[in-house]
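*Asks:* What follows is a protein structure lacking sequence information:
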């Protein structure tokens with residue numbers, strides 16, 4: 001059964017954890033305030049008060065190794081980012097209708113990392129806003145509304161973007177202008193699925209506008225290899241006069257290690273690139289980057305402005321992140337430590353039959369859990385493993401249509417020792433998956 005993204009590893013009424021009075025009271029308070037929109041992780045939710053590097057701390061000072069959060073991409077509370085934001089906030093923070101050197105420097109540095117024809121940038125506050133704008137740009141330029149997405153894609157939470165985020169659906173079907181195709185199995189199959197979707201849109205009188213993918217297919221269960229498999233599908237899109245939108249909110253900013261952007265790893269040329277989450281290391285900032293021809297036509301019709309997008313403080317955070325990525329060698333670290341982590345997980349797959357596959361690139365990995373040789377998704381086991389690791393003070397998440405893929409996506413400062421700790425803990429959890437095990441602590445940093 002397909003599971004919506006907000007139900008993956010979510011705390012719910014069915015939790016069997018024994019909650020202390022203080023935790024139960026905190027959960028009840030939040031539920032009263034947030035109502036049905038209150039979503040928490042784990043059978044026994046966590047309350048954190050401090051973060052540093054790859055570690056999160058609760059009020060008692062207990063350390064949890066964070067192998068999940070990619071928003072603090074260069075590490076929780078990185079002093080360079082904190083200092084840059086604090087200094088700029090103490091001087092000036094206004095919208096970007098005024099000239100400001102920091103905003104322009106940041107735009108120039110981002111655009112310098114893109115293909116030369118992608119020379120215009122529109123700043124937003126979130127990846128959802130970036131993807132919403134990208135879809136509007138594509139529709140304006142192509143004259144169509146038809147969009148193709150993968151089966152468990154998640155691209156954000158505005159009205160327009162939720163329509164192209166099947167993993168958000170709790171019931172119902174995609175709207176008539178959206179076609180959903182399987183996550184990539186091979187280059188040829190994926191390209192054929194895109195072509196079939198374009199043809200089906202045409203058969204129903206819907207003009208094709210865009211294919212939008214997160215180039216590591218994170219919500220679909222992490223599909224990264226082989227590098228270059230996206231090229232055939234992008235060629236199909238361009239032959240059909242559609243646009244390719246590269247959603248870099250998850251794979252961008254060095255996450256895959258070999259390149260700053262996930263689409264570069266595949267050697268494809270997007271028409272629009274969208275950015276978000278890790279861009280400001282926790283400070284809200286996003287962007288859509290495209291060709292002048294695409295942006296010009298759109299702005300002749302409606303224009304675009306975002307009050308908080310690309311403010312001086314947001315630019316300061318973004319510049320600091322780019323500096324840290326380069327000066328701390330975090331792309332290289334993603335390759336080295338990510339490779340070590342992937343090799344260790346692959347070794348576990350040879351000892352534990354429940355591991356059906358280990359996928360990913362850099363420091364974005366997925367471990368698929370299955371019930372049998374037929375590959376039946378082991379969703380309940382995945383939930384149990386995630387919660388057992390949480391008891392061992394290690395935080396990971398879930399992905400995939402059925403929630404049976406363990407998602408490892410730590411800050412890019414993750415160390416070899418951190419990777420070894422995750423491998424050892426997962427080995428222990430899988431070894432004892434059929435019976436209770438005493439909780440143990442991850443060593444403090």
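*Replies:* Looks like it arrived, so ask away. A quick note: this is a predicted structure, and the numbers were derived from the prediction, not measured.

*Asks:* List the buried residues of the helix or strand hosting residue 298.
*Replies:* Using DSSP states H and E, residue 298 sits within helix 292-301. The neighbour-count check on helix 292-301 (16 or more other Cβ atoms under 10 Å) flags 294-295, 298-299 as buried. C-beta: built from backbone N, CA, C; applies to glycine.

*Asks:* so which of these comes closest to residue 53?
*Replies:* Nearest to residue 53 among these, counting by Cβ to Cβ, is residue 295 at 38.2 Å.

*Asks:* right, and that closest one touches residue 138 too?
*Replies:* No: contact criterion Cβ atoms under 8 Å: residue 295 and residue 138 do not qualify, at 11.4 Å.

*Asks:* hang on, the earlier thing: make TSV out of the buried residues of helix 292-301 and add pLDDT.
*Replies:* Shown next, in TSV, are these (pLDDT from 0 to 100):
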residue	pLDDT
294	98
295	97
298	96
299	96
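
*Asks:* Of those residues, just say which sits nearest to residue 359.
*Replies:* Residue 359 has its nearest neighbour among the buried residues of helix 292-301 in residue 294, at 32.6 Å by Cβ to Cβ.

*Asks:* so who does the closest one touch?
*Replies:* 137-138, 140-141, 243, 271-272 (Cβ atoms under 8 Å, 6 or more residues apart in numbering).

*Asks:* quick one: low-confidence ranges for this protein?
*Replies:* Applying pLDDT under 70 to the chain picks out residues 1, 13-17, 434-445.

*Asks:* for the protein, longest helix please?
*Replies:* Scanning the chain for the helix with the most residues, using DSSP state H, yields helix 330-349.

*Asks:* Any chance you could list what contacts that helix?
*Replies:* For helix 330-349, the external contacting residues (Cβ under 8 Å, 6+ apart) are 74, 254-260, 324-325, 355-358, 360-365, 367, 408, 412-416, 418-420, 422-423, 426-427, 430.

*Asks:* show me where the stretch 101-250 of the chain has helices.
*Replies:* Here the stretch 101-250 of the chain has its helices, by DSSP state H, counting those that start in this stretch, at 101-112, 127-142, 159-163, 187-203, 231-239.

*Asks:* Now render the ones you listed as JSON lines, adding mean neighbour count and distance to residue 79.
*Replies:* Below are the helices of the stretch 101-250 of the chain laid out as JSON lines (neighbours: other Cβ atoms under 10 Å; distance: least, Cβ to Cβ, whole Å):
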{"stretch": "helix 101-112", "mean neighbour count": "16", "distance to residue 79": "19"}
{"stretch": "helix 127-142", "mean neighbour count": "25", "distance to residue 79": "25"}
{"stretch": "helix 159-163", "mean neighbour count": "17", "distance to residue 79": "34"}
{"stretch": "helix 187-203", "mean neighbour count": "18", "distance to residue 79": "42"}
{"stretch": "helix 231-239", "mean neighbour count": "18", "distance to residue 79": "40"}
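
*Asks:* right, and those - which one's nearest residue 121?
*Replies:* Nearest to residue 121 among those is helix 101-112 (5.1 Å), distances taken as Cβ to Cβ.

*Asks:* what's that closest one packed up against?
*Replies:* strand 120-124, strand 286-290, helix 312-327 (3 or more Cβ pairs under 8 Å, 6 or more residues apart in numbering; DSSP states H and E).

*Asks:* Spatially central residue in the chain, please.
*Replies:* Of all residues in the chain, the one closest to the mean position by Cα atoms, centre = their mean is residue 250, 3.1 Å from it.

*Asks:* ok, that one touching residue 73?
*Replies:* No: applying Cβ under 8 Å as the test, residue 250 and residue 73 come out as separate, 10.7 Å apart.

*Asks:* Common neighbours of the two, please.
*Replies:* Shared contacts of residue 250 and residue 73 (Cβ under 8 Å, 6+ apart): residue 277.

*Asks:* what's the residue nearest to the centre of the chain in contact with, if anything?
*Replies:* Counting by Cβ under 8 Å, 6+ apart, residue 250 makes contact with 70, 214, 216, 218, 262, 277, 364, 409.

*Asks:* May I see those organised as TSV, with neighbour count and distance to residue 98 added?
*Replies:* Shown next, in TSV, are those (neighbours: other Cβ atoms under 10 Å; distance: Cβ to Cβ, whole Å):
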residue	neighbour count	distance to residue 98
70	23	32
214	26	34
216	28	37
218	29	36
262	32	33
277	23	27
364	24	37
409	28	36
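
*Asks:* Pipe these into JSON lines and attach distance to residue 155 per row.
*Replies:* Shown next, in JSON lines, are the contacts of residue 250 (distance: Cβ to Cβ, whole Å):
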{"residue": "70", "distance to residue 155": "16"}
{"residue": "214", "distance to residue 155": "7"}
{"residue": "216", "distance to residue 155": "13"}
{"residue": "218", "distance to residue 155": "11"}
{"residue": "262", "distance to residue 155": "14"}
{"residue": "277", "distance to residue 155": "12"}
{"residue": "364", "distance to residue 155": "17"}
{"residue": "409", "distance to residue 155": "17"}
